[in-house]
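Trainee: pasted the sequence and its predicted model underneath.
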Amino acid sequence: MRSIFIGVLLLFSLIANSQNNFTACGNQSGSWDYDTVFVSCDVLIPNGQQLLIEANTTVLFEGHYSIQVAGNIQATGTAENPILFTIADTAGFSDYHSTAGGWDGFHFEYTSTENDSSIFEYCQFYYGKAAGDSINGYGGAMQVDNFSKIRLENCEFHHNYAFYRGGAVYGNKSHFLISNCLFTNNFAGNDGMDYGYGGAIA
């Protein structure tokens, strides 16, 4: 009888845990307040909308997918409960000509300045990968074009890669705040003529 009772408790525990996860794909706004968010395709935060990511959330990319920010994102972790962005499977990450092993980072591409500032606090970015010899080869964890309303504070960037520039973060015609952030083992470059610039930031 006791073993049946324990089995029922374990079943309820598994159900409770599964209910605190979420799969994200396509347009997203509102709040991600889950243990784990599984990203199963490219995500878009639409213009004029906001996505809040709560502390202690793991955002786990199931492939080389990006989060395109046309609106506003607030990812506010804490020192004790940071937010983690990473890939489910890192196999193939060292192949510079393949998207395997990494996720496609955050993309701010001409985001409207009418949106509020996007804020990342106590976030950890692992295995962002900007692969390929095109515009996609910039900013492993974050690519920012012509937008400046971004603040990165107390964040960490580890093992991110860009084919051309900005292994972790790339900004073009952009001026945004990066404060008290740690960058380790990020890399930009390839085996061609344009060998890469800015292992961490460009």
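Mentor: Sure thing, it's come through.
Trainee: what about Asn154, how many neighbours?
Mentor: 16 (other C-beta atoms under 10 Å). For the C-beta atoms, the positions are set from N, CA and C on the backbone; glycine is no exception.
Trainee: need the contact list for it.
Mentor: Ala79, Glu121, Tyr122, Ser179, Asn180, Cys181 (C-beta atoms under 8 Å, 6 or more residues apart in numbering).
Trainee: now swap in Thr86 and tell me
Mentor: Thr86 touches Thr58, Val59, Leu60, Phe61, Trp103, Gln124, Phe125, Tyr126, Tyr127, counting by C-beta under 8 Å, 6+ apart.
Trainee: output the contacts of Asn154 in JSON lines; the columns should cover pLDDT.
Mentor: Converted to JSON lines, the contacts of Asn154 look like this (pLDDT from 0 to 100):
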{"residue": "Ala79", "pLDDT": "98"}
{"residue": "Glu121", "pLDDT": "99"}
{"residue": "Tyr122", "pLDDT": "99"}
{"residue": "Ser179", "pLDDT": "96"}
{"residue": "Asn180", "pLDDT": "97"}
{"residue": "Cys181", "pLDDT": "98"}
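Trainee: widest-spaced pair of those residues?
Mentor: By the measure C-beta to C-beta, Ala79 and Ser179 form the most distant pair in the contacts of Asn154, at 14.4 Å.
Trainee: and the longest strand seen in the chain, what does it pack onto?
Mentor: Selection of the longest strand in the chain by residue count, based on DSSP state E, yields strand 36-45. With contacts defined as 3 or more C-beta pairs under 8 Å, 6 or more residues apart in numbering; DSSP states H and E, strand 36-45 has these neighbours: strand 21-27, strand 58-61, strand 67-69.
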